[in-house]
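> Make a model of this:
(2 chains)
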There are 2 protein chains.
Amino acid sequence: MPDAPASAPLTDEELEALNAHWRAANYLAVGQIYLMANPLLHEPLRPEHVKPRLLGHWGTSPGLNLVHTHLNRVIGARGLDAICVWGPGHGGPSVLANSWLEGSYTETYPNVTRDAAGMRRLFQQFSFPGGVPSHVAPETPGSIHEGGELGYSLSHAYGAALDNPGLLVACVIGDGEAETGPLAASWHANKFLDPVHDGAVLPILHLNGYKIANPAVLARLPRAELDALLRGYGHEPIHVTGDDPLTVHRAMAAAMDTALDRIAAFQEAARERGATTRPAWPVIVLRTPKGWTGPAEVDGLPVEGTWRAHQVPLSEVRTNPEHLRQLDAWLRSYRPAELFDDQGRPRPQVLACVPAGARRLGANPHANGGLLLRDLPLPDLRTFAVAVDRPGNTLHEPTRVLGALLEQVMADTADRRDFRLVGPDETASNRLQAVYGATGKAWQAEVLDVDEHLDRHGRVMEILSEHTCQGWLEGYLLTGRHGLFSCYEAFVHIVDSMVNQHVKWLRTTRALPWRRPIASLNYLLTSHVWRQDHNGFSHQDPGFIDHILNKAPEVVRVYLPPDTNTLLSVADHALRSKDYVNVVVAGKQPTFDWLSMDAAQAHCARGAGIWEWAGTEDRRREPDVVLACAGDVPTQEVVAAAQLLRHHLPQLAVRVVNVVDLARLLPNDEHPHGMSEPQYHALFTPDKPVIFAYHGYPWLIHRLAYRRTGHRNLHVRGYKEIGTTTTPFDMVVANDLDRYRLVMDVIDRVPGLAVPAAPVRQVMEDTRLRHHAWIREHGTDLPEVADWAWEE
Amino acid sequence: MPDAPASAPLTDEELEALNAHWRAANYLAVGQIYLMANPLLHEPLRPEHVKPRLLGHWGTSPGLNLVHTHLNRVIGARGLDAICVWGPGHGGPSVLANSWLEGSYTETYPNVTRDAAGMRRLFQQFSFPGGVPSHVAPETPGSIHEGGELGYSLSHAYGAALDNPGLLVACVIGDGEAETGPLAASWHANKFLDPVHDGAVLPILHLNGYKIANPAVLARLPRAELDALLRGYGHEPIHVTGDDPLTVHRAMAAAMDTALDRIAAFQEAARERGATTRPAWPVIVLRTPKGWTGPAEVDGLPVEGTWRAHQVPLSEVRTNPEHLRQLDAWLRSYRPAELFDDQGRPRPQVLACVPAGARRLGANPHANGGLLLRDLPLPDLRTFAVAVDRPGNTLHEPTRVLGALLEQVMADTADRRDFRLVGPDETASNRLQAVYGATGKAWQAEVLDVDEHLDRHGRVMEILSEHTCQGWLEGYLLTGRHGLFSCYEAFVHIVDSMVNQHVKWLRTTRALPWRRPIASLNYLLTSHVWRQDHNGFSHQDPGFIDHILNKAPEVVRVYLPPDTNTLLSVADHALRSKDYVNVVVAGKQPTFDWLSMDAAQAHCARGAGIWEWAGTEDRRREPDVVLACAGDVPTQEVVAAAQLLRHHLPQLAVRVVNVVDLARLLPNDEHPHGMSEPQYHALFTPDKPVIFAYHGYPWLIHRLAYRRTGHRNLHVRGYKEIGTTTTPFDMVVANDLDRYRLVMDVIDRVPGLAVPAAPVRQVMEDTRLRHHAWIREHGTDLPEVADWAWEE
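This is a model prediction of the structure:
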């Protein structure tokens, strides 16, 4: 396909107006990087007008400004509902400039008025202490994407487009970001976009040629090779190339029109005529110089069009008169007096392309998703609860039961279409497949007879890319919808850095009243460390909990439901919550049912509690020892250990404490869910030995509880990074988390017990030895473990 | 380009021999999944011959076996030096089968003989307690790649090929793995492969159509779209498609010949004739059924060629007679009596294609890189040390000085070519650009006049993909070379899950005497949390240290050198070490020089020590308070706080302790670098207040030191996840790590000091208030902070 023609139907007047808007945005971007006074250059530029510390990224800004200007045009001309994801989020000055121009900035921050005083404030606050960040950030109107850590723009854009059939999501992808893995994977998201129920994504690949200090790979491919790549991604490229502003404006306007015409035709075909051919969606390839319109040379070295334009092209403006002169000339090259009136207000020509009201990119409610969020319809948990007459009498697969609840949620949102389940090809492996009763797996590629549950309109999203799953869900949530990410526990580390950024985003928005709360990002981590005995060491890692608990305590929550009903209760809570990242770790293997639904809800509401039925304590006095547990497998081991103790050492007063909500262990001044010291002691005692069987790395419990009186008595067992392909019980034995070891720990830690209980200890040791011999002969766990059940 | 012709010059005899080898490997793969006795089916198959627990991945195995068989052929026919990276590492049974067939398994594990007894052992041990893992693993001869966590095969392959001009690295990429971000990014690694000094990578994209439960995206692209994608990646595809074994053997042999002929021609052109055109390297697209030759149907449902073949196709062999019958028929379909003699030894025809000695894929020394490793030539540190007459008198940029040392290492390895520096476009940003004096940046794409330091033969590797950087370096190290990864601290989280797998690999190899130690994986994390004030909140994250310290203590090391000479000393140590993951966190901004080279080396050797010059203690008695620090910025704040205390509270005995090696804080039974309790108390005292200024999340210090007597007196300041775009000093003030806050902490914590020192405390508080006012007016730090210097 040839380049878009340069003869698009722009009148000269339109062209001049677009160029004026672009010049104004460029002027304002430069102003933010450099100026703290004299914003309109009404005076000759002097060193004291310039900030003492020059920060910001100029290189990408003129390209972003060009895109913004032309999105303005087509939004107005076509009455589009559109947002834009600015992948090169480092170009904060650009997006801020455009928001200020269109007025959405002043509406959001009334002290930054659209006049000379406001312009001065806009300039000074940029990257200034107490001001605004240097990147596109939560503080930036119209943004759902920070863009500081590169790679996630396109998956965010797709997430925003899902189930928003009327929305256009433009997405600027820098040629630096395009080299990242997450971005490279997300091109294939178009195989999952339903032209009927989803909106459109328009990728704009911006090849300005350079990263910080290197050429970009895609910018140095021969044109045919780049086109092959984009066609291989399923897109039809439209090229815009140039460095002459008016020529590029014409080409960009034509390219936008071509792209939007094609999108409209594809949508019309699918929606009106039932077409099922996967569209070759357009992609615009925009090739303009880095730092375009900035200084061509500085200190004798080329800058415009090179990597030297990446950040601040003139770095010594306060001290080097030549730099000052160049900055003055650069700013005046935009002819500010033509763009702003004497009071600093943008002139009408500048604003001619700007759409009105909520159609402005800085004011579209889709980019402030909380405005659009509706509570998720959640069914009565009792419908899905498993019956529990007494603890440990029945077994269920917790995630399978949760799957039935999620099927109901999917069914109840069939018309609203505001709930999605994402995961890397693991929905069935994680035993959530009941959801297919209500909806299928989104899929727009070829379908064969043997396939199951593929669905052109499905709301389960499966691709073998945790990055894409995470990006989809973040984009979906940030635009005001709900979802759940189900993932193997070990491999959720793949998105460590992505969730970092999402938590940072949520923390920041909590201080921004105009940003309305969005649905929480919910993880279901199943196929967890203890039940990856079959896949081996590479699949065993519980460290995501540690990772998430390093983050802002206002935002992060970790739940370890020990059985099916507690999982239902926790999931219900997580799906109702807002502005959190909830991590729920729960198994998929048959697990004893310990609590009835009533008991489960009460237990989860408390977050941690004594399981009297499992212990042997006399309520009139303190126990001799506390056996604590968090996680399904540790809970089973603790209950079994308590039973062994009851049998072998009936005189011992044993308390069993189960912790569902891990942050409960923190002091209440460190986390909103933290316990006060008296609450903590009411569970764990101030002075008795506490043997704590924990799902993950044992030192995490110490990190949470180190301030507690009695911490010295806390002895934690957990995953010690020991594993291979073996049996489930051998995993806990290898890591000293098994029931027999826990009994030995009790004997070793309760004062005065070592000598009288020495024979019991020997029985425990002997059983562990029998275990080792047995599994090596039979390959299965000891019958007394495999067939174990709780006895009252 | 058409498919490779089916008329490759294979004789019927060769064809039959290849097929016999393939059938044998398939038989052995099935045997490993199912059998624990009766390996040669000399008896009718009975339930008790079958393992009680069936584990393993059959689906990918026949395809891997096909590739192995044909690699054997071309290695022998062409005298190739080759290894293979098996991306679908879940197919452990396949690679183990082939190693056993070729004899390398028995040479590595003599108890698994190449006869019936050994075959029985091979079968039983697979995925059996005390046996071998279900995936390709460190235990597997010939492997450098676990393949449990998908995404890294191709970058590992490129890393292995770098600087190995005589090596062919084949790389099987599953269609599942191909969906991941890291894999998608790594296709572009061919823009960095030097046809002169590097070997060749032959990607083999195996489209068996399905993942766990879904079709694979690439398998469902129209052929033209897939070809466009591969050409866009810079490859020329060669297709092999089919399900008839003999037809596929012929096509695969032809495809291999075509691919290797092209590779040889490209190498010859570059090496003999100086060609600089970037080659369109071949890629083989192998399209065969998933679970090929396995059961076509089970329980009435199609299995072969569908996702149902992913793991164990017949799951009830012990209890379901029909499953047992199907397994018996399946195994006998390979005609084992034709493949193995009565003693279970492979017959000559089966082994006809197997190469000899070190050319066997399971015996190639490149896949056991420690065999080839040579110590890195490291220069005398004194040449690069900065002169330090007295502490705090001069400033240097630590990483810039390190860059000069690395330049020397690059120069000294110019001929050996066994050292590479990798990073995501940050070498210059991290101020290591001196290396360009010795070598340039690897680059095979277009070069423009304005470019700097691009070098067709360069050994600095820069791509904006942390995943690709990490994969390159891992592959390079695993094949016996050395390297360093320089990265922004916040964004190294992008490779959290990759380093997990590498640590697991290293830990496992420590128990395998035949695996020789390899060079450590060294991270230089600069542009760290405290000096990302200009990029803002998204760039601020010190949590990689927490992440790495969760891993095997035998393997992980964390260093926080406080100045330039200590950085040199730590880097020297890291580059000499083996089998570790060393994390070095060091700044690039001007930093006070505290220690002379002699003092730095002594300090780093101890890992932690008292800085007497900075404190005010009387050596005859215990100090009143310990000010401890780890990290360059915290160290400066502690030294400044000590100076304030000396000025304001001269009677107070202050000890300053600096920690370089973070694991020193652990007990010596938890980490090889840990301190004994007396050692710890000699530094920190058993009972005095310790104010610890730490680089990262403060609770990490508690997690390391919670067992210490005196832990209750430990008060840690660090990064509390508070940040934005602001000044450097405001970052430390916002997180309560600044010198004034530290002085206040001392006053609050030293018994009896609160009342007499109240006026001093007020001065500190007032200074913090002045700071806040000043930065909001001036945008820079208080002059007394900006101009501060240590005074004796």
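> Get me the contact residues on the stretch 151-300 of chain A for chain B.
For the stretch 151-300 of chain A, the residues found near chain B under the criterion C-beta under 8 Å from any C-beta of the partner chain are A:151, A:176-177, A:179-188, A:191, A:211-217, A:220-222, A:225-234. In this view, the C-beta of every residue, glycine as well, is placed from N, C-alpha and C.
> go on, the stretch 601-750 of chain A?
Within the stretch 601-750 of chain A, the positions near chain B by C-beta under 8 Å from any C-beta are A:697, A:699-700, A:702-703, A:706, A:711, A:721, A:724-727, A:730.
> so can I have TSV of those showing pLDDT, neighbour count and secondary structure?
Below are those laid out as TSV (pLDDT from 0 to 100; neighbours: other C-beta atoms under 10 Å in any protein chain shown; DSSP: H, G, I helix; E, B strand; the rest coil):
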residue	pLDDT	neighbour count	secondary structure
A:Y697	97	24	coil
A:W699	96	24	helix
A:L700	97	27	helix
A:H702	96	23	helix
A:R703	95	23	helix
A:Y706	95	20	coil
A:H711	93	17	helix
A:E721	93	22	coil
A:T724	90	22	coil
A:T725	90	26	coil
A:T726	92	24	coil
A:T727	93	23	coil
A:D730	96	25	helix
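> Now, the residues of the stretch 151-300 of chain A next to chain B that are in strands?
Cross-referencing these against strands under DSSP state E gives no overlap.
> could you dump the residues of the stretch 601-750 of chain A next to chain B to JSON lines with distance to A:P678?
Compiled in JSON lines, those are given as follows (distance: C-beta to C-beta, whole Å):
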{"residue": "A:Y697", "distance to A:P678": "28"}
{"residue": "A:W699", "distance to A:P678": "26"}
{"residue": "A:L700", "distance to A:P678": "24"}
{"residue": "A:H702", "distance to A:P678": "21"}
{"residue": "A:R703", "distance to A:P678": "22"}
{"residue": "A:Y706", "distance to A:P678": "18"}
{"residue": "A:H711", "distance to A:P678": "16"}
{"residue": "A:E721", "distance to A:P678": "36"}
{"residue": "A:T724", "distance to A:P678": "44"}
{"residue": "A:T725", "distance to A:P678": "46"}
{"residue": "A:T726", "distance to A:P678": "43"}
{"residue": "A:T727", "distance to A:P678": "43"}
{"residue": "A:D730", "distance to A:P678": "41"}
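> Need the max-distance pair from those.
Across those, the longest distance by C-beta to C-beta is 36.5 Å; it joins A:H711 and A:T725.
> Among the residues of the stretch 151-300 of chain A next to chain B, which ones are in helices?
Using DSSP state H, the subset of those located in helices is A:181-186, A:225-232.
> and the closest residue to A:Q343 other than its chain neighbours, what are its phi and psi?
Leaving aside its sequence neighbours, A:Q343 sits nearest to A:D115 (C-beta to C-beta, 6 or more residues apart in numbering or on different chains; 5.0 Å). The phi/psi pair for A:D115 (degrees, to the nearest 10) reads phi -160, psi -170.
> On the pLDDT front, check A:D115 for me.
Among the per-residue scores, A:D115 holds a pLDDT of 98.
> how close does it sit to A:Y105?
As for A:D115, its distance to A:Y105 is 12 Å (criterion: C-beta to C-beta, to the nearest Å).
> With neighbour numbers in mind, choose between these two.
Shown here are A:D115 and A:Y105; by other C-beta atoms under 10 Å in any protein chain shown, A:Y105 has more neighbours (25 against 19).
> give me every residue that touches A:A170.
The contact partners of A:A170, taken as C-beta atoms under 8 Å, 6 or more residues apart in numbering or on different chains, are A:67, A:71, A:82-85, A:157, A:201-202, A:204.
> Can I have the buried ones of the residues you listed as a ChimeraX selection?
Selection of buried members from these for ChimeraX, criterion 16 or more other C-beta atoms under 10 Å in any protein chain shown:
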select /A:67,71,82,83,84,85,157,201,202,204
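> Out of the contacts of A:A170, list just those in strands.
Mapping these onto strands (DSSP E) picks out A:82-85, A:201-202, A:204.
> May I have the secondary structure class of A:G305?
Secondary structure assignment for A:G305 (DSSP: H, G, I helix; E, B strand; the rest coil): coil.
> Hmm, A:T293 and it touching each other?
No - applying C-beta atoms under 8 Å as the test, A:G305 and A:T293 come out as separate, 10.6 Å apart.
> circling back: and of the ones in strands among the contacts of A:A170, the nearest to B:N430?
Taking the ones in strands among the contacts of A:A170 together and measuring to B:N430 by C-beta to C-beta, the closest member is A:V85, at 28.6 Å.
> what pLDDT does A:E617 get?
As predicted, A:E617 sits at a pLDDT of 83.
> How many residues are close by it?
Counted by other C-beta under 10 Å, the residues lying close to A:E617 total 18.
> Next, give phi and psi for it.
Main-chain dihedrals, A:E617, degrees, to the nearest 10: phi -80, psi 150.
> ok, now which ones touch it?
A:623, A:653-655.
> next one: A:N214
Neighbour list for A:N214: A:307, B:425, B:441, B:454, B:462 [criterion: C-beta under 8 Å, 6+ apart].
> switch to 10 Å and redo it
For A:N214, the contacting residues are A:176, A:179, A:220, A:307, B:424-428, B:441, B:443, B:451-454, B:462-464, taking C-beta atoms under 10 Å, 6 or more residues apart in numbering or on different chains as the criterion.
> Drop anything exposed from those.
Among those, those scoring as buried are A:176, A:179, A:220, A:307, B:424-428, B:441, B:443, B:451, B:453-454, B:462-464 (criterion: 16+ other C-beta under 10 Å).
> Leaving out the residues flanking it, which one is nearest to the closest residue to chain B within the stretch 451-600 of chain A?
Scanning the stretch 451-600 of chain A for proximity to chain B using C-beta to the nearest C-beta identifies A:S538 as nearest, at 2.9 Å. Across the structure, with C-beta to C-beta, 6+ apart as the measure, the residue nearest A:S538 apart from its sequence neighbours is B:G148 (2.9 Å).
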